[in-house]
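[1] next one to model:
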Amino acid sequence: MLFGDVWRRPELAPRDRSLVTISALIATGKSGQLQGHLSRALANGVQPIEASGVLTHLAIYCGWPSAVSALEVYDQVYTARKVDLATLQAVAPLLAAPASDAARATAVAEQFGATAPKFAQLTNEVVFARLGRRAALTLAAVAPSAR
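    Next comes the predicted model:
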């Protein structure tokens, strides 16, 4: 049913469905099912840098333990597929900060700065300035069918 019907529905391209699926499996700590779906994602056109971008984002948003568990699966799949890990380690330029970024940074600092200044700093510098501006998962990286 799942692979015969749901995966063939036209509302999402298989590539986009794969991105959603690996995201859900990582976020919920289902590393046992991740290996097959990560392999399927790569076969469906998800680039390794995009799959790694998903894992990086989810480490922040869904928890470090889930991401660490997924790392073992990523290593197995990337090794089996002979993914060039050097391309994943290359530092890509960041996207320009959106015009609303200064206001967002101020709001974070005002909300958390007095009670948790380090949290406010890390949120602004790591989550929004570095992680949120990585180019691997921009709309430009999304398949034309999903635009």
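
[2] so which residue of the chain lies furthest out from the middle?
    Here the chain reaches farthest from its C-alpha mean at A114, the gap being 30.5 Å by C-alpha atoms, centre = their mean.

[3] which secondary structure state is assigned to it?
    At A114 the chain is in coil, as set by DSSP: H, G, I helix; E, B strand; the rest coil.

[4] and the pLDDT for it?
    Listed pLDDT for A114 reads 87.

[5] got phi/psi on it?
    When quoted as degrees, to the nearest 10, the phi and psi of A114 stand at phi -70, psi -40.

[6] any idea how far A105 is from it?
    15 Å (C-beta to C-beta, to the nearest Å). (C-beta placed from N, C-alpha, C; glycine too.)

[7] not counting its neighbours along the chain, what's nearest the most centrally placed residue in the chain?
    Compute the mean C-alpha point of the chain, and by C-alpha atoms, centre = their mean the closest residue is V54, 1.4 Å away. Closest residue to V54 in three dimensions, ignoring its sequence neighbours and counting by C-beta to C-beta, 6 or more residues apart in numbering: S23, at 5.5 Å.

[8] average pLDDT for the helix or strand containing that neighbour?
    For S23, the element it lies in under DSSP states H and E is helix 14-27. Averaged over helix 14-27, pLDDT sits at 93.

[9] who touches stretch 27-47?
    Stretch 27-47 is contacted by residues 13-15, 17-19, 21-22, 24-26, 48, 51, 58, 61-62, 65-66, 69-70, 72-74, 76-77, 80-81, 136, 141, 143 when judged by C-beta atoms under 8 Å, 6 or more residues apart in numbering.

[10] among those residues, which ones are buried?
    Among those, those classed as buried by neighbour count (16 or more other C-beta atoms under 10 Å) are 13-15, 17-19, 21-22, 25-26, 48, 51, 58, 62, 66, 69-70, 73-74, 77, 136.

[11] from the chain's centre, how far out does the helix holding S23 sit?
    Relative to its chain's centre, helix 14-27 lies at 10 Å (C-alpha atoms, centre = their mean, to the nearest Å).
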